[in-house]
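Model the following, please.
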Amino acid sequence: MCCGMPFEIAGLLDREGLERIAIHSLKAASKEGTMVTPCNGCYRALNLALRDEVKCLHVAEVLWRARDELKKAAGDALRGVKVAVHVGCHYAYAMRERALKGVEGEDILEDIALSMGADIVSYDEKKLCCGATAMKWPRIMEALNPITKLKVESLLNSGAEAVLVMCTACQLAIDRAQYQMKNLGELDKTIPVLHVSQLVGLALGLHPIDDLGLHLHLIRPERIAPSSPRELLSDQR
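Got it, this is the predicted structure:
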């Protein structure tokens, strides 16, 4: 069941309609008491409709709370990997009062990456939207496309070997924009865009294809079965 947010963005639902659809989805989790989502938009929609009997967490929050255990399990598996982070608007801004804050780094994604030895790199447009919302408005997408392009160019100039996100819509936007820009001859290099669950999976030794689906990305490393995350992310197309 959809959380309802794509319909809200497209102008097909008002806030009341969004909450109705989200409540319907939450009922499926009411028996367990907790729902976990990998998407910022779903996180926002479900928490707007939240009732006391159901708790909705972001998977990044679950991983953040378990980062000490992850460090014990993964060690410094990401040591030397240069990571640029994009948290995403619907977590960082739309849910500002609820969103968890970083402790070791500027945000929870940095905390997770740092716990496993990654190097965090900064870039000028870190707080800029990925532009994913524009995908729901085809008639004005062309006008907003420069937002995603500016984000991509800033990420590429950071020297990062991977872009770390916590939202599937952000992942799609940055991944697809690079693919399109490269095909148009606007890019001579690209960076893999990994969801936080995929990066943690790599650090824990999960299989890049069978477990993490990295072969399904438009932008992916040249070699898909490395002996370490460092080897996989340093061999980009």
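
all helices for this protein, in order.
If DSSP state H is used as the criterion, the helices of the chain fall at 5-9, 15-27, 40-48, 59-65, 67-74, 89-92, 108-115, 141-156, 168-183, 196-203, 229-233.

and of those, who's closest to residue 133?
Proximity to residue 133, assessed across the helices of the chain by Cβ to Cβ, is greatest for helix 5-9 (5.8 Å). Any C-beta I mention is one placed from the backbone N, CA and C, and that applies to glycine too.

Pass me the low-pLDDT residue ranges in the chain, would you?
Within the chain, the stretches with pLDDT under 70 are 1, 3-22, 24-33, 51-53, 134-144, 222-228, 230-237.

and it, what are its domains?
Residue ranges for the structural domains of the chain, counted by automatic domain parsing, are given in the record as 5-58, 66-233.

export the ones you listed to TSV and tack on mean neighbour count?
TSV is the format used below for those (neighbours: other Cβ atoms under 10 Å):
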stretch	mean neighbour count
domain 5-58	18
domain 66-233	18
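
From residue 80, how far off is residue 112?
Using Cβ to Cβ, to the nearest Å, one gets 17 Å for the distance from residue 112 to residue 80.

Apart from its chain neighbours, what residue comes closest to residue 179?
Taking Cβ to Cβ, 6 or more residues apart in numbering as the measure, residue 179 lies nearest to residue 218, with 3.9 Å between them; neighbours along the chain are not counted.

Quick check, the one you found in contact with residue 177.
No. At 9.4 Å, residue 218 does not count as touching residue 177 under the criterion of Cβ atoms under 8 Å.

Torsion angles phi and psi at the residue nearest to residue 179?
phi -70, psi -40 (degrees, to the nearest 10).

how much space between residue 167 and residue 154?
Here the criterion is Cβ to Cβ. By it, residue 167 lies 18 Å from residue 154.

Show the contacting residues for the closest residue to residue 58 other than its chain neighbours.
Spatial nearest neighbour of residue 58, excluding adjacent residues (Cβ to Cβ, 6+ apart): residue 43 at 4.8 Å. Residue 43 is in contact with 37, 56, 58, 90-91, 95, counting by Cβ atoms under 8 Å, 6 or more residues apart in numbering.

circling back to that earlier point, turn the helices of the chain into TSV, including distance to residue 128.
Supplementary listing: the helices of the chain in TSV, determined by distance: least, Cβ to Cβ, whole Å:
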stretch	distance to residue 128
helix 5-9	18
helix 15-27	25
helix 40-48	15
helix 59-65	19
helix 67-74	26
helix 89-92	9
helix 108-115	16
helix 141-156	5
helix 168-183	11
helix 196-203	19
helix 229-233	23
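
quick one: which of those is nearest residue 123?
Comparing these against residue 123 with Cβ to Cβ, the closest turns out to be helix 141-156 (4.8 Å).

Just the C-alpha atoms of that closest one, please, in CSV.
Listed in CSV are the C-alpha atoms of helix 141-156, where the atom choice follows Å, rounded to 0.1, in the frame of the first residue of the first chain:
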residue,chain,number,x,y,z
MET,A,141,10.5,19.1,-14.5
GLU,A,142,12.6,20.8,-17.2
ALA,A,143,12.5,24.0,-15.3
LEU,A,144,13.6,22.4,-12.1
ASN,A,145,16.2,20.0,-13.7
PRO,A,146,19.1,22.4,-13.0
ILE,A,147,18.6,21.7,-9.3
THR,A,148,19.6,18.1,-9.7
LYS,A,149,22.4,18.9,-12.1
LEU,A,150,23.8,21.4,-9.6
LYS,A,151,23.7,18.8,-6.9
VAL,A,152,25.4,16.2,-9.1
GLU,A,153,28.1,18.6,-10.2
SER,A,154,28.9,19.6,-6.6
LEU,A,155,29.0,15.9,-5.5
LEU,A,156,31.4,15.1,-8.4
